[in-house]
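Q: Fold the following for me, if possible:
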Amino acid sequence: MTEDDKAALKEFRNGVAVTLGFVGFVMLIIGALSMNDTPINESSFEVVDKYKECDIVRYAPHQVAEYKYFLYCEKNK
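A: As a prediction, this is how the structure comes out:
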């Protein structure tokens, strides 16, 4: 490997490092700006479909990234 090849490789490596650093910094800024700081204080219920004469309800508990589904039938109250 000649001295010119070593210099070109070093320049390429530095360019890649600067580019990755810049992209990472931009991603951090975008992530920080898009964060929603308002907490979710209430659980949510949403009717997502029907099955026979019942509603399929999706339930999302407080600040939990999961859904629970159940059937709600008005005539079985």
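Q: Give me the residue ranges of this protein where confidence is low.
A: Within the chain, the ranges that satisfy pLDDT under 70 run 36-43, 76-77.
Q: ok, which stretches of it are strands?
A: 44-51, 54-60, 68-72 (DSSP state E).
Q: CA atoms only for the last one, dumped as PDB, please.
A: Right, strand 68-72. The C-alpha trace of strand 68-72 is given here as PDB (Å, rounded to 0.1, in the frame of the first residue of the first chain):
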ATOM      1  CA  LYS A  68     -56.000  -5.900  25.100                       C
ATOM      2  CA  TYR A  69     -59.000  -6.900  23.100                       C
ATOM      3  CA  PHE A  70     -62.400  -8.100  24.400                       C
ATOM      4  CA  LEU A  71     -66.000  -8.600  23.200                       C
ATOM      5  CA  TYR A  72     -68.700  -6.300  24.500                       C
END
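Q: who does it pair up with?
A: strand 54-60 (antiparallel) (DSSP bridges).
Q: Look up how far residue 18 lies from residue 12.
A: Separation of residue 12 from residue 18 (C-beta to C-beta, to the nearest Å): 11 Å. In short, each C-beta sits where N, CA and C put it, glycine included.
Q: Can you tell me how far residue 35 is from residue 29?
A: Residue 35 is 11 Å from residue 29, by C-beta to C-beta.
Q: shared neighbours, the two?
A: Overlap of the contact sets of residue 35 and residue 29 (by C-beta atoms under 8 Å, 6 or more residues apart in numbering) is empty.
Q: Between those two, tell me which one has more neighbours.
A: The neighbour count for residue 35 versus residue 29, taken as other C-beta atoms under 10 Å, is higher for residue 29 (10 against 7).
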